[in-house]
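Student: Structure for the following, please:
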Amino acid sequence: MKKLFLFLVLIFTLVPLMFGCEKDSDSVGEITVIVENNVGDEAFNEKIAFGEDDTLLGLLQNHPTIALKGEEQSFGFYITEVFGIDANDFERTYWSISVNGEYSLVGIGDIELITDDVITLSMLTY
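Tutor: Residues are numbered from 1 along each chain as shown. Alright, predicted model coming up:
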């Protein structure tokens, strides 16, 4: 009887430990993405999980709500539309990228995904 009790305790302890603590193998981290429209209003603000092989460009292009659009240029990817807001619909506007509140000095194709970063896409006028 004692052996049966110990066996059951062992089973009920090990099974949850083996399967209950399993992390989602596809997700490596999470970033916050904020989209600001041409008057500075926040149109989108959500956390997005990313995997090891994800890039910021690919992640935002494939996101069903953000649906980032643009075109590849000689200098890199040029963003034209984010969250259904097209910069071409306004005069002298472009999409700016900030990482943790700092203006990005590299294009969207070169921004490294780091857990807990805050990526802000803002439509600005020049």
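
Student: Pull up the distance across stretch 72-85, start to finish.
Tutor: 19 Å (Cα to Cα, to the nearest Å).

Student: no, scratch that, I was asking about stretch 105-120
Tutor: Per Cα to Cα, stretch 105-120 runs 13 Å from first to last residue.

Student: what separates the most centrally placed residue in the chain from Thr80, distance-wise?
Tutor: By Cα atoms, centre = their mean, the chain has its centre lying nearest to Ile48, at 4.0 Å. Separation of Ile48 from Thr80 (Cβ to Cβ, to the nearest Å) stands at 20 Å. All C-beta spots, glycine's among them, are computed from the backbone N, C-alpha and C.

Student: Tell me what the residue nearest to the centre of the chain is bridged to.
Tutor: Ile31 (DSSP bridges).

Student: I'd assumed Thr65 was in contact with it.
Tutor: No - between Ile48 and Thr65 there is no contact under Cβ atoms under 8 Å: 9.6 Å.

Student: Which pLDDT value belongs to the spatially closest residue to Asp86 that is not a sequence neighbour?
Tutor: Spatially, and ignoring its direct neighbours in sequence, Asp86 is nearest to Thr80 (6.1 Å; Cβ to Cβ, 6 or more residues apart in numbering). For Thr80, the pLDDT comes out at 97.

Student: Thr80: what's it in contact with?
Tutor: Lys69, Gly70, Glu71, Asp86, Ala87, Asn88, Trp95 (Cβ atoms under 8 Å, 6 or more residues apart in numbering).
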